[in-house]
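Colleague: Please work out how this folds:
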Amino acid sequence: MTARPETERQQFFITRSYEAPRALVWRAFADGEALAQWWGPRGFTMTVLGFEFRPGGTFHYRMDGPNGFTMWARFTYREIAEPERIVFVNSFSDAAGSLSRAPFFDGKWPLEVLMTATFAEQDGTTTVTLRSHPIDATDVEEATFESNIESMTQGFGNVFDQLAAYLAKTGTNG
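Modeller: Next up, the predicted model:
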């Protein structure tokens with residue numbers, strides 16, 4: 001099967017505003033140890049296995065769930081325009097960092113998802129918008145992605161709640 005043209009794709013997006021300066025919110029995305037404090041599913045702990053915040057660099061990490069479930073993932077950074085935008089490919093990986101299928105969805109989840117995070121500040125409030133869509137996905141993978149937008153909205157809502165808590169710990173009201 002072939003992928004649908006990009007103009008026919010349904011993108012996922014979520015926006016959240018934080019009472020924090022853009023530089024602080026940017027650092028939460030641009031530092032591996034900071035990301036480990038808030039990125040990922042609620043209740044999971046993250047271990048940073050590698051972090052190169054530069055175009056072509058990767059962020060490789062392991063997530064350990066409270067039930068003993070472990071999974072690995074990675075970002076491959078495509079574009080970094082400080083402090084306005086980060087474009088990266090998000091994918092599941094194996095322990096060595098090689099691309100792999102999601103450990104769920106019976107092989108129907110896209111191998112790679114392009115994500116764009118934008119940061120805009122006005123009067124001390126920073127708004128983060130995260131947009132994503134599959135890359136080179138089959139029709140089945142596109143349909144699986146689209147059918148999970150509601151679930152992703154809840155999941156990334158939790159991630160952004162964790163970012164708010166992280167920002168509050170760093171001394172701002174997130």
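Colleague: by contact count, what packs against the lengthiest helix in the chain?
Modeller: Using DSSP state H to assign secondary structure, the helix with the most residues in the chain is helix 149-169. Taking 3 or more Cβ pairs under 8 Å, 6 or more residues apart in numbering; DSSP states H and E as contact, the helices and strands that helix 149-169 lies on are strand 12-18, helix 22-30, helix 32-38, strand 125-134. Quick note: C-beta positions are derived from backbone N, CA and C, even for glycine.
Colleague: rerun at 6 Å
Modeller: Taking 3 or more Cβ pairs under 6 Å, 6 or more residues apart in numbering; DSSP states H and E as contact, the helices and strands that helix 149-169 lies on are strand 12-18, helix 32-38.
Colleague: would TSV of the ones you listed with mean neighbour count, mean pLDDT and distance to residue 121 be doable?
Modeller: Written out in TSV, the entries for the helices and strands packed on helix 149-169 read as follows (neighbours: other Cβ atoms under 10 Å; pLDDT from 0 to 100; distance: least, Cβ to Cβ, whole Å):
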stretch	mean neighbour count	mean pLDDT	distance to residue 121
strand 12-18	18	97	10
helix 32-38	17	96	18
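Colleague: Out of the ones you listed, which is closest to residue 148?
Modeller: When these are compared for distance to residue 148 using Cβ to Cβ, the nearest one is strand 12-18, at 8.5 Å.
Colleague: between that closest one and helix 22-30, what angle do the directions make?
Modeller: Angle of strand 12-18 versus helix 22-30, following axes from the mean of the first three to the mean of the last three Cα atoms, to 10 degrees, is 130 degrees.
Colleague: who touches strand 12-18?
Modeller: If you take Cβ atoms under 6 Å, 6 or more residues apart in numbering as the criterion, strand 12-18 is touched by 25, 125-132, 149, 152, 156, 160, 167, 174.
Colleague: are any of these buried, and which?
Modeller: Of all these considered here, the ones buried according to neighbour count by 16 or more other Cβ atoms under 10 Å are 25, 126, 128, 130, 132, 152, 156, 160, 167, 174.
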